[in-house]
Structure formats: C-alpha cells, structure tokens
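1. quick one, fold the following:
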Amino acid sequence: MPVRSKRLAVGFSGAANTEVVVYTVPAGRTTIVKDVRFANTGSTSVTAYLIAQRPGPPGVILAGPLVLAGAATGGASLWNVLSPGDTLRILCNVTQGVAFWVSGAELDGVAV
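-> Here you go, the predicted structure:
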C-alpha cells in the first residue's frame with residue numbers, strides 16, 4: 001500500500017490556556033507530522049502552539065509560539081516522527097481562539 005499524506009487533525013482550540021489532544025498515533029503505526037496551519041477566529045491577537053507528547057511527560061513544542069493578529073493565518077512546515085500512543089495537542093491563550101489543520105502521514109509499523 002502506498003504511503004499517502006492525510007489530514008491528521010482539524011478543529012478549534014479549546015478553553016483558554018488548556019492543552020487539547022487532537023490526535024493520537026494508532027497502535028502499530030508511525031506518524032510523520034508534516035505541516036500545521038492556524039487561523040485566528042476572532043479580532044484580538046492570539047498565541048497558539050502545536051505540542052507533541054509521548055505517554056507521560058514531558059511534551060515538546062513542535063510549532064509556536066505563533067502570534068496571530070485578528071483574522072490572521074500562519075503555520076509551520078515540520079517533519080517530526082511520532083510513535084504509537086504519542087499525542088498532538090493544541091494550546092491557545094484564547095478560548096476557541098484558533099482553527100487548526102494538521103497534515104502528515106501514517107506509516108505501517110513502528111519506527112525505532
């Protein structure tokens with residue numbers, strides 16, 4: 001089966017200053033996070049992060065802090081490898097302050 005890029009997560013950030021799990025790597029898979037896009041959903045400035053976390057602490061910031069003025073968009077191109085059980089989390093300083101879109105690839109097997 002060929003490897004294809006896919007949308008890993010899409011949605012809105014949660015409560016202000018609260019990390020929200022938006023994707024978990026499935027068992028038996030390796031995920032490559034390739035890109036994240038943020039769009040400010042309001043008129044005030046927001047700060048957004050994409051965080052990777054393995055089971056248990058600590059988490060690592062993959063993108064951010066990305067400060068977006070009202071109605072602005074931005075993002076980052078990434079090539080980060082995640083293992084089964086790892087999560088992607090969105091953090092924003094404003095409740096539902098950003099819409100996000102995370103793209104990447106899921107591969108069969110576990111990277112060592």
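
2. just give me the residue closest to the centre of the chain.
-> Here the mean C-alpha position of the chain is nearest to the C-alpha of residue 50 (CA atoms, centre = their mean), at a distance of 4.3 Å.

3. roughly how far apart are residue 45 and residue 29?
-> As judged by CB to CB, to the nearest Å, residue 45 and residue 29 stand 37 Å apart. Where C-beta positions appear, they are placed from N, C-alpha and C, glycine not excepted.

4. what about the strands in the chain?
-> 5-12, 20-24, 29-40, 46-53, 59-68, 73-82, 87-92, 98-108 (DSSP state E).

5. just checking, what packs against the first one?
-> Helices and strands touching strand 5-12, by 3 or more CB pairs under 8 Å, 6 or more residues apart in numbering; DSSP states H and E, are strand 20-24, strand 29-40, strand 87-92, strand 98-108.

6. would you mind checking the average pLDDT for the longest one?
-> The average pLDDT within strand 29-40 is 95.

7. what's the angle between that strand and strand 5-12?
-> Using axes from the mean of the first three to the mean of the last three CA atoms, to 10 degrees, the direction of strand 29-40 lies 40 degrees away from that of strand 5-12.

8. quick one: strand 29-40 to chain centroid distance?
-> 5 Å (CA atoms, centre = their mean, to the nearest Å).

9. pull up the pairing partners for that strand, direction included.
-> strand 73-82 (antiparallel), strand 98-108 (antiparallel) (DSSP bridges).

10. alpha carbons of stretch 35-51, as CSV, please.
-> Provided in CSV are the C-alpha atoms of stretch 35-51 (Å, rounded to 0.1, in the frame of the first residue of the first chain):
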residue,chain,number,x,y,z
ASP,A,35,2.5,20.7,8.4
VAL,A,36,0.3,22.7,10.8
ARG,A,37,-1.8,25.7,9.9
PHE,A,38,-3.6,28.1,12.3
ALA,A,39,-6.2,30.7,11.6
ASN,A,40,-7.3,33.3,14.2
THR,A,41,-11.0,33.1,14.7
GLY,A,42,-11.5,36.5,16.3
SER,A,43,-10.5,40.1,16.2
THR,A,44,-8.0,40.1,19.1
SER,A,45,-4.4,38.8,19.0
VAL,A,46,-3.9,35.1,20.0
THR,A,47,-0.9,32.9,20.7
ALA,A,48,-1.0,29.2,19.5
TYR,A,49,1.2,26.1,19.9
LEU,A,50,1.3,22.6,18.5
ILE,A,51,2.7,20.3,21.1
